[in-house]
Every structure is written in structure tokens, then in C-alpha cells.
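Novice: kindly generate the corresponding structure for this input.
(one chain, ligands or ions: 2)
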Amino acid sequence: MASYFDKLQALQANAHAPYSQFRVAAILVMNDGTEVTGVNVENASYGGTICAERSAFVSAISQTGKTDQFASIHLLAGKGDQFIMPCGMCRQVMSEFVAADFPVFLYNTEGNSRQVTMADLLPYAFSKDDL
Ligand SMILES: O=c1ccn([C@H]2C[C@H](O)[C@@H](CO)O2)c(=O)[nH]1
Ligand SMILES: [Zn+2]
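Specialist: Residues are numbered from 1 along each chain as shown. Ligands and ions are numbered 1, 2, ... in the order given. Down below sits the predicted model:
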């Protein structure tokens with residue numbers, strides 16, 4: 001069976017990144033084991049670009065109608081041995097739908113992985129509880 005890294009590598013081909021050439025792949029795993037994919041989709045306006053992480057969440061919610069069934073996310077981007085971290089906008093959007101201990105698995109191009117949590121990425125998050 002293909003590993004997450006294998007699947008992420010294949011998924012990178014779907015990224016639409018003609019401006020940055022920076023291909024990002026995300027696999028969002030639901031509590032029932034379903035895997036929903038996301039890639040970055042760039043736009044000539046630049047500002048219309050959506051990241052792989054938000055693509056995956058938007059896709060999962062579109063397909064399932066569920067906003068509270070996320071088990072983990074697996075991400076691949078970049079070059080060499082660096083672990084690329086989600087951007088600030090993705091951190092805020094993800095935090096709307098996952099708990100502080102939600103695991104985020106980062107892969108480098110060598111196939112090594114590192115795990116952090118939602119709270120590691122966005123401590124002191126602004127949330128609906130503040131409204
Ligand atoms: O965590 C990240 C960081 C960047 N990007 C995308 C946005 C843009 O298409 C390209 C360069 O920023 O990478 C992601 O999808 N996820
Ligand atoms: Zn982002």
C-alpha cells in the first residue's frame with residue numbers, strides 16, 4: 001500500500017503553480033479514514049491563489065458537509081530537507097475546524113516526516129469563542 005509520502009508526491013502533479021513553481025500537496029484524513037486531497041491552485045491575479053491546506057478543507061467540507069471530523073493532515077512541499085510550514089492564513093482557517101491537539105504531519109522531499117500540532121502552529125488563536 002502506498003505511503004502518505006508516495007501519495008503526496010503523486011498529488012503534487014495536480015498543483016496549479018505556474019507562477020511560483022512551488023507545488024504543495026495535502027492529504028486531509030477524516031475520522032472514518034476517508035482521505036481528501038488538496039493542492040495549491042494559483043491565479044494570474046496572484047491574490048486569487050488558494051493553498052493546498054485550505055483546498056483540502058474546503059473540498060472535504062464540500063464533499064461531506066462535516067466540519068468536525070478531521071483526524072490529521074499530511075503536507076508535502078518545497079525542496080531538500082526543509083519542512084515547509086502552513087502559511088498564516090491556512091493556520092487560521094484550519095483552527096476553525098480542528099482541536100488544539102490536531103496532528104499536522106510535514107514531509108520533506110527526502111521522505112522524512114515531522115509532526116506538530118495545531119496549537120504549535122497557532123498558539124493563542126482567535127476563535128468563535130472570542131466573538
Ligand atoms: O503552506 C503552504 C505555503 C504555500 N503554498 C502555496 C501558495 C502558492 O501557490 C505557493 C507559493 O507561496 O505555495 C501552499 O499551498 N501551502
Ligand atoms: Zn496557506
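Novice: please name the residues that touch residue 117.
Specialist: 100-104 (Cβ atoms under 8 Å, 6 or more residues apart in numbering). Glycine gets a C-beta too; all of them are placed from N, C-alpha and C.
Novice: neighbour-wise, give me the winner out of those.
Specialist: residue 104 (22 neighbours; other Cβ atoms under 10 Å).
Novice: keep only those of the contacts of residue 117 that are in strands.
Specialist: 103-104 (DSSP state E).
Novice: so which of the contacts of residue 117 is the closest to residue 18?
Specialist: residue 104 (27.0 Å; Cβ to Cβ).
Novice: how close does the closest one sit to residue 57?
Specialist: 12 Å (Cβ to Cβ, to the nearest Å).
Novice: cool, residue 74 as well?
Specialist: Distance, residue 74 to residue 57, by Cβ to Cβ: 13 Å.
Novice: and this structure, which residues reach ligand 2?
Specialist: Proximity of the chain to ligand 2, by Cβ under 5 Å from the ion, involves residues 51, 87, 90.
Novice: wait, the first one sits on residue 92?
Specialist: Read it as residue 51. No: look at residue 51 against residue 92 with Cβ atoms under 8 Å: they stay out of range, at 11.6 Å.
Novice: mind checking which of those two has more residues around it?
Specialist: The neighbour comparison of residue 51 against residue 92 (other Cβ under 10 Å) goes to residue 51, with 22 against 16.
Novice: which pLDDT value belongs to the more buried one?
Specialist: At residue 51, the model reports a pLDDT of 98.
Novice: what residues does this structure have near ligand 1?
Specialist: 17, 20, 22, 24, 40, 42, 49, 51-53, 77, 84, 86-87, 90 (Cβ under 6 Å from any ligand atom).
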